[in-house]
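In: Sequence and predicted structure below; questions after.
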Amino acid sequence: MKKRIVVAISGATSSIYGIRLLEALRRYEDIEIHLIISHWAEENIKIETSYSVEEIWALAHHNYCNNEMGARISSGSFRVSGMVVIPCSMKTLSAISCGFTENLIARAADVMLKEHRSLIIVPRETPLNVIHLENMLKLARMGVSIMPPMPSFYHQPKSVDDLLNHFTGRVLDLLGIDHKMSGRWNDGLDD
């Protein structure tokens, strides 16, 4: 059986993170991608990238509108391995932390929580206010992995692509997916 991963791109800036994750997941024959793109994510994709929304939809095996509340990913009986909200707007973060499942992204995330499945949130906002931090803390206490897209430099990136690939590799790590997206920290010990 294929590993099913839900990817949700919400309306925060930096939709390229979600796109890069989709591109990486698409390389695996044993992974089935279920994609939700919010309305404002579609707008950001048009503004921030050279991709068309149709190209992004084509990266997934199954696509859902954010108001499609009857989608199979809205049910705990439909088994998935994990979900990544990348990027995650503060509105979406708030909805997930409060259980306000007014749309499919929030409902699918709620299913991950209630079924004790892997949920990764990539919050995209700066600076953060107390409400943002409290919502993240609340979700972290529920077992959600909170992964702000903060660049690292120990792999000596030469381009924005290097930064995107490294971060995407870290997301794949949390999903338990082997990859060669970028180098790893070398502590001088042989593996």
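Out: Yes, it's here.
In: Name all residues that make contact with Leu119.
Out: Gly82, Met83, Val84, Val85, Ala109, Met112, Leu113, Leu139, Gly143, Val144, Ser145 (C-beta atoms under 8 Å, 6 or more residues apart in numbering). Every residue, glycine included, has its C-beta placed from N, CA and C.
In: pretty sure it belongs to a strand, no?
Out: Yes: with DSSP: H, G, I helix; E, B strand; the rest coil as the criterion, Leu119 is located in a strand.
In: and it, how far is that from Leu104?
Out: 14 Å (C-beta to C-beta, to the nearest Å).
In: what are the bridge partners for Ile36, then?
Out: On DSSP bridges, the residues paired with Ile36 through beta bridges are Ala8, Tyr64.
In: by contact count, what packs against the lengthiest helix in the chain?
Out: If you go by DSSP state H, the chain has its longest helix at helix 160-174. Judged by 3 or more C-beta pairs under 8 Å, 6 or more residues apart in numbering; DSSP states H and E, the packing partners of helix 160-174 are helix 16-26, strand 118-123.
In: which parts of the helix or strand just after the last one are buried?
Out: On the C-terminal side of strand 118-123, the closest following helix or strand by DSSP states H and E is helix 130-141. Neighbour counts using 16 or more other C-beta atoms under 10 Å place His132, Asn135, Met136, Leu139 of helix 130-141 among the buried residues.
In: so how far is stretch 100-110 off the chain centroid?
Out: Mean-position distance between stretch 100-110 and its chain equals 14 Å (C-alpha atoms, centre = their mean, to the nearest Å).
In: Only alpha carbons, please: show that stretch as CSV.
Out: Listed next in CSV are the C-alpha coordinates belonging to stretch 100-110 (Å, rounded to 0.1, in the frame of the first residue of the first chain):
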residue,chain,number,x,y,z
PHE,A,100,-12.6,25.4,14.2
THR,A,101,-13.0,23.2,11.2
GLU,A,102,-14.7,25.6,8.8
ASN,A,103,-12.7,24.4,5.8
LEU,A,104,-11.0,21.2,4.6
ILE,A,105,-7.5,22.2,5.6
ALA,A,106,-8.6,22.7,9.3
ARG,A,107,-10.8,19.6,9.2
ALA,A,108,-8.1,17.4,7.7
ALA,A,109,-5.6,18.7,10.4
ASP,A,110,-8.3,18.1,13.1
